[in-house]
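*Asks:* Sharing a model that was predicted from the sequence below.
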Amino acid sequence: MAIKTDAVGKTYPPVEYVVGTEKIREYTAATFDDNPLSNDEDAAKAAGYAGLVAPPMFAVVFSSKAAVPAMFDPEVEMNFAMMVHGAQDFTFHKPVVAGDRITTTASVKSIEASGGKGFYVYTTESVNQNNETVVSADWTCIVRGVEA
């Protein structure tokens, strides 16, 4: 199967996510994260934060809501039956805290073929309610059985 690169550069509608205190607590419980800033509101406020601080990889919770629709875009024509997760590369710019309203935009960064595989790279950028970038990420999917 040959890859199609027409979707490179395509940007998708922004997705909004309001970070909740209980979601942060659920995430920290699931990941065995005992950081007081993410579990104790008094500790977070004493450290100068408005609420619980989300662990860095909580970014997957809000940013995937924008990335997944881009990956499933029929225009991209990615063969999910042959797809494996390649990588995620996050750059953290600013802490995310409970109460933040995060807006994430996704786009197709690149689609390339090499060695019988397709490399589909998506990028996301997440900003808070003050339009400050909190995290940017690249998401790489590898598809087996692809021709150049």
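*Replies:* Happy to help now that I have it.

*Asks:* where do the helices sit along the chain?
*Replies:* Residue ranges of the helices in the chain, as given by DSSP state H, are 21-30, 36-39, 41-46, 59-71.

*Asks:* wait, which of those is closest to K10?
*Replies:* Between K10 and the helices of the chain, the shortest separation by Cβ to Cβ is 7.8 Å, and it involves helix 59-71. The C-beta positions use only the backbone N, C-alpha and C, and glycine is treated the same way.

*Asks:* mind checking which of the helices of the chain is nearest P13?
*Replies:* Using Cβ to Cβ, the nearest of these to P13 is helix 59-71, at 8.4 Å.

*Asks:* buried sites along that closest one?
*Replies:* By 16 or more other Cβ atoms under 10 Å, the buried positions in helix 59-71 come out as A59, V60, V61, F62, S63, S64, K65, A66, A67, A70, M71.

*Asks:* was I right about the first one contacting W139?
*Replies:* Think A59. No - the pair A59 / W139 is not scored as a contact, 11.3 Å apart, by Cβ atoms under 8 Å.

*Asks:* just to revisit the earlier point, as TSV, the buried residues of helix 59-71 with distance to E112 would be great.
*Replies:* TSV is the format used below for these (distance: Cβ to Cβ, whole Å):
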residue	distance to E112
A59	25
V60	24
V61	29
F62	28
S63	23
S64	23
K65	26
A66	22
A67	18
A70	16
M71	16
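
*Asks:* nearest to R25, of those?
*Replies:* Taking Cβ to Cβ as the measure, R25 sits nearest to V61 out of the buried residues of helix 59-71, at 12.6 Å.

*Asks:* quick one, what contacts that closest one?
*Replies:* Counting by Cβ atoms under 8 Å, 6 or more residues apart in numbering, V61 makes contact with Y17, K23, Y27.
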